[in-house]
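# need the 3D shape of this:
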Amino acid sequence: MAAMTAVFLVSAGVLAVAIWVRGLRGIRLRRVAVLAAVLSASMTVATGDWSWQLWLGAAGCALAAASTCLRRRRPTRWTAVVLTASTSLSVGLVLLAVAALVALPVLRLLPPSGPAAVGTLVVELVDASRAEEATPDPDDRRFVVAQVWYPAAPGAGGRAWYLGRDQEEAETVAAALARVFAVPSFLLDEAARARTAVSPEANPLASVERFPVVLFSPGLTGVRGQNTGWAMDLASHGYVVVAVDHPYDAAAVVRRDGTVARTRVIATGDDVEDNRMADRLASLRAADLRFVLDELHQLTGLGDHGEQRSAGSDGLMRLQGRLDLQRVAVAGHSIGGAAALLAAGEDSRIKAVVDLDGLPRRIASLERRPPVLALVAGRGTGSAPGDERYDAALDEVLTAAAPPSVRVEVPGAAHLSFTDAPAFLPPLPALVGDGGRTSGSRAAAVATRAFLDAVLATEGARPSAPLQDRLERIGVVTVHGSQ
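A predicted model of the protein is given here:
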């Protein structure tokens, strides 16, 4: 809760009960409360932090102020009854505002901690070489929508929408996510209205060095923006992050022409069948990630001369000459982490993997084993057999991976802690973890930067602090291989 929001609600609560303080002390207390409420409300509006929850507090404050006028009149036998009812209602409205802010907070993402401003752009890419398996039309080609966050030139204006290119797309995606997770749509109203501290279509930062690239795959039915806080932080430190919407898997993918590809992922309840489906989706996502990397190579002229760039990739031209495709990592959350491991296992262009609490899949098919950072939720999977299966699969991957490969277990973190979800969902520990609303996202960002700074560093630019020392500030570290 922002400081001025807290001041406003405390002032409203004090005003509601100050009516019962008699004499000069009561008058002074009410005046201070009114002044503090007006000033804090004005500053909250001016900074753009005013939200619908605060209207409840404003109603309580207004009722308390009106009751003050009644307090000045000659008391009657009904005065105490009316004032008691008024005070109770005023305090109730203020407490309701506090509860609403806690349960349904204003979305505030992890702020970028690096020195660079951040820009973003969205592109739609069509892979003419692959048919779309999710539709019956044999002419449908596989497509993805990708969002790019990158270091931007200072002074760019505008604030990009959180869940889409514009408000309409943001509302469509938020409604689809609510349906997927079977929650009331109002729980994602803040996410649908939210904007981010990045500039759309900004010019990239002028720099002698090119920027390393991190590809990202979200969780099952997740969307490209689910780790925006993490992506913005990386971009502010000189990385380019390319997050991919996987159509017919993501809750909703909105195309340039406005058509919507909705998820077709349905759990069957049969563990064998559901695992087979997850394996298939992880492989499909890995192919999507490799296709996006192909597009980036075409952009820089490093691709095969016979390949053609996707017609939708024109927006990427803004980054032409700015990408260092000799330093590429791939990351993912949940099943996206499994897809990241598979993509790296098949593609020598990928130098490192970041797995955010994802169960590795099709381990035997991994031909390459680049260094891996695995962030693990300390609260576990929710079942002892699930924890054992996850630990065994992750240990197998990390043991065979090139050094430095590291497992970091973050105490108190839940599966969604490493995403933006805690910033706008109710604070249920089993859902979003025990920490603050951005603590898991911050842990993921700090750990990812520490790992990639070490693995992707150019000669002579490696960090002075050992990787293990940097990661031990985040959680329990298990190192596989020497550093």
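# how about the lengthiest strand in the chain: buried residues?
For the chain, the strand with the greatest residue count under DSSP state E is strand 117-131. By neighbour count on 16 or more other C-beta atoms under 10 Å, the buried set for strand 117-131 is Ala117, Val118, Gly119, Thr120, Leu121, Val122, Val123, Glu124, Leu125, Val126, Asp127. C-beta: built from backbone N, CA, C; applies to glycine.
# hey, where'd the helices end up in the stretch 151-300 of the chain?
For the stretch 151-300 of the chain, the helices defined by DSSP state H, counting those that start in this stretch cover 167-180, 189-193, 228-236, 271-300.
# which one of the ones you listed has the lowest average pLDDT?
Note on the helices of the stretch 151-300 of the chain: helix 189-193 shows the lowest mean pLDDT, a mean of 87.
# which strands or helices does it pack on?
For helix 189-193, the packing partners by 3 or more C-beta pairs under 8 Å, 6 or more residues apart in numbering; DSSP states H and E come out as helix 167-180.
# what's the closest non-adjacent residue to Gly114?
Closest residue to Gly114 apart from its sequence neighbours, by C-beta to C-beta, 6 or more residues apart in numbering: Ser236 at 3.1 Å.
# list of residues touching the particular helix or strand that has Leu89 in it?
Using DSSP states H and E, Leu89 falls within helix 79-103. Residues outside helix 79-103 that contact it (C-beta atoms under 8 Å, 6 or more residues apart in numbering) are 1, 5, 9, 12-13, 15-17, 19-20, 51, 53-57, 59-61, 63-64, 66-67, 70-71, 73, 426-427.
# which members of the residues you listed are classed as buried?
Among those, those that count as buried by neighbour count (16+ other C-beta under 10 Å) are 5, 9, 12-13, 15-16, 19, 51, 53-54, 56-57, 59-61, 63-64, 67, 71.
# from those residues, which ones fall inside helices?
5, 9, 12-13, 15-16, 53-54, 56-57, 59-61, 63-64, 67, 71 (DSSP state H).
# and stretch 435-449, what's buried?
435, 437-449.
# starting at the chain centroid, how far to that stretch?
Distance of stretch 435-449 from the chain centroid (C-alpha atoms, centre = their mean, to the nearest Å) equals 10 Å.
# repeat that for stretch 108-119.
Computed by C-alpha atoms, centre = their mean, the chain-centroid distance of stretch 108-119 equals 13 Å.
# export that stretch to CSV, keeping only CA atoms.
Provided in CSV are the C-alpha atoms of stretch 108-119 (Å, rounded to 0.1, in the frame of the first residue of the first chain):
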residue,chain,number,x,y,z
ARG,A,108,2.4,-2.5,-8.9
LEU,A,109,5.0,-4.6,-10.7
LEU,A,110,8.6,-5.0,-9.6
PRO,A,111,10.2,-1.7,-10.6
PRO,A,112,13.3,-1.9,-12.9
SER,A,113,16.5,-1.6,-10.8
GLY,A,114,19.0,-1.0,-13.6
PRO,A,115,20.3,2.3,-15.0
ALA,A,116,18.6,2.1,-18.4
ALA,A,117,15.1,3.1,-19.4
VAL,A,118,13.0,0.3,-20.9
GLY,A,119,11.2,0.1,-24.2
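# state the mean pLDDT of it.
Stretch 108-119 shows a mean pLDDT of 92.
# shaky segments in the protein?
1-2, 48, 69-79, 300-314, 459-464, 481-483 (pLDDT under 70).
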